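*Asks:* Fold the following, please.
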Amino acid sequence: MPNEQPDITLVTVPCLSDNYAFLVHNDATGQTALIDAPEAQPIKDALHARGWTLTDILITHHHGDHIDAVAALRDGARVIGAAVDAHRLPPLDLEVAAGDVIDICGLPTHVLDVSGHTVGHIAYHMPNAKLAFTADSLMALGCGRLFEGTPAKMWVSMKKLRALPADTMICSGHEYTENNARFALSLDPANAALISRSEGIKAARAAGRPTVPSTLDEEMRTNPFLRADDPTLKAVLRMADASDADVFAEIRARKDKF
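*Replies:* Numbers count the residues shown, from 1 in each chain. Below is the predicted model:
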């Protein structure tokens, strides 16, 4: 179901087998932005159904399941991505870097470096709309596998995202939430908020509904990858005296084998 803020409509678009793209539309100005482009047809269908035309395409990182449809969709839209990753992205009309603030659909949009899954992965935060597009960095009850970055670097990225306002909607890139919930419960089986969330996730998936986006508040209470500095979780892992980065590394290693 679309999530609406004043004059802003958010649409979650399922693509491929388990990807999500997102459309942000300013109802007053008619501007429409796409965040990541896994597959052209579902995105075209979502635009056509609403009579929207793309004005911007924002790219988070270089993996094919996030950029493969850019060429088929750009048709005059401005394509935006990380300057440090420009050599492995589709041609960019605007290269951005961490700390930049750009105008997207009339909204100030902050660029964050959230490297870890890849080096050069960025997220886009729209504070006025309470939206953050985190792709494969912070995910619903998880985080992306570390293909290029280190656990220490990804933990820095997690803390950066965790510092956003708690009511921010986290728009992540995949429908991995049910499996992520099972893993989180294997670490933290007594967490009442996690148990409740897991039941809600099962019901949503059984009904064919996306589990994305999620609120940062619920991620902070239930997502183990945001809680590597939590003394309770450290104790469960028998790592009470370990550094936060080492605890994060252990959680990620366990998830890789789960």
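*Asks:* Please count neighbours and contacts with C-alpha atoms only from this point.
*Replies:* OK.
*Asks:* any low-confidence regions in the stretch 51-200 of the chain?
*Replies:* By pLDDT under 70, the stretch 51-200 of the chain has no low-scoring segment.
*Asks:* all strands of it, in order?
*Replies:* 56-58, 78-82, 94-96, 101-104, 107-113, 122-126, 131-135, 138-139, 142-143, 169-172 (DSSP state E, counting those that start in this stretch).
*Asks:* Now do the helices in the stretch 101-250 of the chain.
*Replies:* Along the stretch 101-250 of the chain, counting by DSSP state H, counting those that start in this stretch, helices occupy 151-162, 177-187, 192-206, 216-222, 231-236, 244-257.
*Asks:* Looking at these, which is nearest to residue 65?
*Replies:* Between residue 65 and those, the shortest gap by C-alpha to C-alpha is with helix 177-187, which sits at 17.8 Å.
*Asks:* Using neighbour counts, pick out the buried residues of stretch 72-84.
*Replies:* 73, 74, 77, 79, 80, 81, 82 (16 or more other C-alpha atoms under 10 Å).
*Asks:* which residues does residue 138 form a beta bridge with?
*Replies:* On DSSP bridges, the residues paired with residue 138 through beta bridges are residue 143.
*Asks:* That one against residue 144, yeah?
*Replies:* Yes. Using C-alpha atoms under 8 Å, residue 138 is in contact with residue 144, at 6.9 Å.
*Asks:* More neighbours: which of these two?
*Replies:* Legend: neighbour count by other C-alpha atoms under 10 Å for residue 138 and residue 144, higher for residue 138 (30 against 19).
*Asks:* ok, back up a step: who wins for proximity to residue 9 among the helices of the stretch 101-250 of the chain?
*Replies:* helix 216-222 (18.9 Å).
*Asks:* Please name every helix or strand in contact with the closest one.
*Replies:* helix 192-206 (3 or more C-alpha pairs under 8 Å, 6 or more residues apart in numbering; DSSP states H and E).
*Asks:* can you dump the C-alpha coordinates of the helix it packs on into PDB?
*Replies:* Presented in PDB, the C-alpha positions along helix 192-206 are these (Å, rounded to 0.1, in the frame of the first residue of the first chain):
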ATOM      1  CA  ALA A 192       9.100  -9.800  22.600                       C
ATOM      2  CA  ALA A 193       9.200  -7.100  19.900                       C
ATOM      3  CA  LEU A 194      11.000  -9.500  17.500                       C
ATOM      4  CA  ILE A 195       8.500 -12.400  18.200                       C
ATOM      5  CA  SER A 196       5.600 -10.100  17.500                       C
ATOM      6  CA  ARG A 197       7.200  -8.700  14.300                       C
ATOM      7  CA  SER A 198       8.000 -12.200  13.100                       C
ATOM      8  CA  GLU A 199       4.400 -13.200  13.300                       C
ATOM      9  CA  GLY A 200       3.300 -10.000  11.400                       C
ATOM     10  CA  ILE A 201       5.900 -10.800   8.700                       C
ATOM     11  CA  LYS A 202       4.500 -14.300   8.300                       C
ATOM     12  CA  ALA A 203       1.000 -13.000   7.900                       C
ATOM     13  CA  ALA A 204       2.100 -10.300   5.400                       C
ATOM     14  CA  ARG A 205       3.900 -12.800   3.200                       C
ATOM     15  CA  ALA A 206       1.100 -15.300   3.400                       C
END
